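Colleague: my questions are about this predicted structure, shown below with the sequence.
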Amino acid sequence: MDRRDFFITMLATPLLTPLILASKKSKNDLELYLIAEEPQKFILTLLEEVQKYSLSDDRKFCFLNPHPQEKALKKTFLERGWAPVEKPVEANLTLCFSHLQDKALPSFTLVKGGKIWDIRTRKLLSLWQEMNRTPDPSSCLTIASFKSRPTDLLVGKYAAIYNHGQRAETLSLGKDLTRSFQTRGGRVTVLVRNGKAWISDSPCRQKICLYSPPVSLAGERIICAPNNFLLTVERHRSVDTVIG
Amino acid sequence: MAKKFIPLLLTCSFLFASCGARERWQTSTLLVFDTLCEIKVFCGSSTFRAAQEEVEGIFSEIESLFLPEAEDYASPMVLELYTKALQVYHDSDGCFDITVGPLSRLWGFLSKSYHIPSSGQIESTLKIIGMEKLKVENGTLILLPGMKLDWGAIAKGFAIDLASQALIEMGITSGFLNAGGDLYCWGKNPDNQDWNIGIKHPRERGYFGILSISQLGAATTGDYQRYFIRDSIRFHHIFDPRTGYPASGRQSVTVCGPETYLCDALSTALFVATEPEKILKKYPEYGAIIVDSAGNLSFIGKAYPFGPVE
């Protein structure tokens, strides 16, 4: 990828900024944001490039929510020796679908520790060119999160809510509650019942977030991209400083 | 091609416009009072440099006036802190006392050559303990021969108050200053929430609970901060001014409230007191989290948002 192409990639990122900020908080080692109608065409090339950078050799994947290309993606993964797993915490690659409010040109962005990762290899350049040969705008965003370490199978204690890129509240999963948040698209309602959290109501068009299964394990998350809203499960409440 | 360039140019101009004196979270540490003081504030880089200088200036002034070897008893700041300390001394029935200096020396906490004194030595030292023995004459503090002041349980909190006030006056809207056991925080944290302050576990690594506060100070006094062990008994530096022995019954006391110097002084007073509730009744804006010698938690006074950590 040359400098200019990289800048064009950056153009897509204002859409993603809130998600990138949130990913800085999560312990995921690397996140791939892929805007494409048919992500299965590109995702494995990207993945294999990324795996060169000392990511885990484990090949277990899991979908966090229904994906319009789920079948095709699964097929592609199985062909390359990836195994599907039920629980997100057992996977070292989780896939999450979001519907962008505005269509954008096909592109990909790699984010490491909350920062855009500028890797430029020949393979990625040809991939970039391939993506731009069919430059039909797409509203299909696939977020692939990689973990180099397996996450402990730990039950989370809190649901952190990010609204418009900022942490809005930390909900305890220990008690049942219903909380509504005023997002840019309207009110999003989060429910906590028996240690699990989910989005019960959202004004977004596609209602993807409503179909996401309830989350309870550390690291699991539900995203409502049109509303710029993210719910992520944490094991510990983070502190700013310690006294004593 | 032209189409491609317009958004690119817009992005570039946006990037350049946002450079310059941009406000962001800034952190640094400085070594004061034998401990690291952590500074975290939201401001531009030039303001941050001025803020660091301000904090350093205030701390070094306080340090020079209130270190164990300091003997400037006529400085207005010394007299001001003496008045504040005297109030807490009265309100706590002498549980908080800045005249415990000779006890710290007797037990070897000043020279770090710790030893257990005889009961006779303690008894004779107690004769020069007690703030009622201090006098102010002609604008200077008068000590009896042999008396020695120990400002350790109030001066750091006082410095935190002065420094954080100075930063607020500089226009810094959010931040905290944390000098080990003493802290003041204001505004919002980077997540736009109240500050989450972990309280150190007195016996284990990590923290046992989190205070979520803003526009407030907090201070912890613990038996783990300075101590020595003889015959498996822990002798720490928080003396009961009435007995001359380290106070027993508690592992740590954290006080939260509007002024850090009071949190600092009250955390020592409550650590020593047999009836801490009685003292806090006189300070309705202050609340305390007490860890007793068995490790049990109790809360007295005003309740501030606190979440235990399992």
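Modeller: Cool, the structure landed.

Colleague: just give me the longest strand of chain A.
Modeller: In terms of residue count, the longest strand belonging to chain A (DSSP state E) is strand A:93-104.

Colleague: what bits of the chain have low per-residue confidence?
Modeller: Looking at chain A here, since you left the chain open. Along chain A, segments meeting pLDDT under 70 span A:1-29, A:51-57, A:113-114, A:118-120, A:134-135, A:148-153.

Colleague: wrong chain, I was asking about chain B
Modeller: Within chain B, the segments meeting pLDDT under 70 span B:1-21, B:310.

Colleague: what residues does B:I58 make contact with?
Modeller: B:159, B:162-163, B:166 (Cβ atoms under 8 Å, 6 or more residues apart in numbering or on different chains). Heads up, the C-betas are built off the backbone N, CA and C, glycines and all.

Colleague: next: B:F96.
Modeller: Contacts of B:F96 by Cβ under 8 Å, 6+ apart are B:85, B:88-89, B:153-154, B:265-266, B:268-269, B:272.

Colleague: equivalent analysis for A:L173, please.
Modeller: A:156-159, A:192, A:195-197, A:216, A:233.

Colleague: ok, B:I39 next?
Modeller: B:26-30, B:51-52, B:55, B:175-177.

Colleague: sec struct for it, please.
Modeller: Classification of B:I39 by DSSP: H, G, I helix; E, B strand; the rest coil places it in strand.

Colleague: distance check, it against B:G130.
Modeller: Distance of B:I39 to B:G130, given as Cβ to Cβ, to the nearest Å: 37 Å.

Colleague: tell me the buried residues within the contacts of B:I58.
Modeller: B:159, B:162-163, B:166 (16 or more other Cβ atoms under 10 Å in any protein chain shown).

Colleague: can the residues you listed go into JSON lines with extra columns for secondary structure?
Modeller: Shown next, in JSON lines, are the buried ones among the contacts of B:I58 (three-state DSSP):
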{"residue": "B:A159", "secondary structure": "helix"}
{"residue": "B:L162", "secondary structure": "helix"}
{"residue": "B:A163", "secondary structure": "helix"}
{"residue": "B:A166", "secondary structure": "helix"}
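
Colleague: what about the spatially closest residue to B:R24 that is not a sequence neighbour, how many neighbours?
Modeller: Excluding the flanking residues, the one nearest B:R24 by Cβ to Cβ, 6 or more residues apart in numbering or on different chains is B:F42, at 7.1 Å. When counting by other Cβ atoms under 10 Å in any protein chain shown, one arrives at 18 neighbours for B:F42.

Colleague: within its sheet, name the partner strands of the helix or strand containing B:F42 and how each one runs.
Modeller: In this structure, B:F42 sits in strand B:35-43 according to DSSP states H and E. Strand pairing for strand B:35-43, determined by DSSP bridges: strand B:24-32 (antiparallel), strand B:175-179 (antiparallel).

Colleague: buried deepest among those strands, which one?
Modeller: Here the criterion is mean neighbour count by mean count of other Cβ atoms under 10 Å in any protein chain shown, and of the strands paired with strand B:35-43 the winner is strand B:175-179, at a mean of 26.

Colleague: tally of neighbours for the residue nearest to B:S75 when sequence neighbours are not counted?
Modeller: Spatial nearest neighbour of B:S75, excluding adjacent residues (Cβ to Cβ, 6+ apart): B:L65 at 5.8 Å. A count of nearby residues for B:L65, using other Cβ under 10 Å, gives 19.

Colleague: can you verify B:L65 is assigned to a strand?
Modeller: No. Secondary structure assignment (three-state DSSP) places B:L65 in helix, not in a strand.

Colleague: chain A next: which of the buried ones among the contacts of B:I58 are close?
Modeller: Among the buried ones among the contacts of B:I58, proximity to chain A is found for none (Cβ under 8 Å from any Cβ of the partner chain).

Colleague: closest point of chain A to chain B, which residue?
Modeller: A:G244 (3.0 Å; Cβ to the nearest Cβ).

Colleague: I'd like to know how many residues surround that residue.
Modeller: Residues lying near A:G244 (other Cβ under 10 Å) number 25.

Colleague: equivalent analysis for A:Q129, please.
Modeller: With neighbours defined by other Cβ under 10 Å, the count for A:Q129 comes to 11.

Colleague: check contacts around B:W151.
Modeller: The neighbours of B:W151, taking Cβ under 8 Å, 6+ apart as the test, are B:66, B:81, B:85, B:98.

Colleague: mind doing that once more with 7 Å?
Modeller: Contacts for B:W151 (Cβ atoms under 7 Å, 6 or more residues apart in numbering or on different chains) come out as B:66, B:81, B:98.

Colleague: same check on B:H115?
Modeller: B:G108.

Colleague: where's it relative to B:F109, distance?
Modeller: Counting by Cβ to Cβ, the gap from B:H115 to B:F109 is 10 Å.

Colleague: domain map for chain A?
Modeller: Domain segmentation of chain A under automatic domain parsing yields A:3-146, A:158-234.

Colleague: can you redo those domains as CSV with distance to B:K188?
Modeller: Compiled in CSV, the domains of chain A are given as follows (distance: least, Cβ to Cβ, whole Å):
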stretch, distance to B:K188
domain A:3-146, 16
domain A:158-234, 10
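
Colleague: tell me which of these sits most buried.
Modeller: Of the domains of chain A, domain A:158-234 is the most buried (mean count of other Cβ under 10 Å), at a mean of 19.

Colleague: from the opening residue of that one to its closing one, how far?
Modeller: Terminal residues of domain A:158-234 lie 5 Å apart, using Cα to Cα, to the nearest Å.

Colleague: now it, how far from the centre of its chain.
Modeller: Between the centre of domain A:158-234 and the centre of its host chain there is 14 Å, according to Cα atoms, centre = their mean, to the nearest Å.

Colleague: what does chain B put close to chain A?
Modeller: Counting by Cβ under 7 Å from any Cβ of the partner chain, chain B comes close to chain A at B:7-8, B:11, B:38, B:176, B:178, B:181, B:183, B:189, B:191-193, B:195-200, B:207, B:210, B:218, B:220, B:222, B:252, B:254, B:307.

Colleague: from those, which would you call buried?
Modeller: B:11, B:38, B:176, B:178, B:181, B:183, B:189, B:191, B:193, B:195-200, B:207, B:210, B:218, B:220, B:222, B:252, B:254.

Colleague: how far does stretch B:209-220 sit from the chain's center?
Modeller: On Cα atoms, centre = their mean, the centre of stretch B:209-220 falls 11 Å from that of its chain.

Colleague: likewise for stretch A:32-51?
Modeller: Taking mean C-alpha positions (Cα atoms, centre = their mean), stretch A:32-51 and its chain are 13 Å apart.

Colleague: what of stretch B:239-247?
Modeller: Offset of stretch B:239-247 from its chain centre (Cα atoms, centre = their mean): 21 Å.
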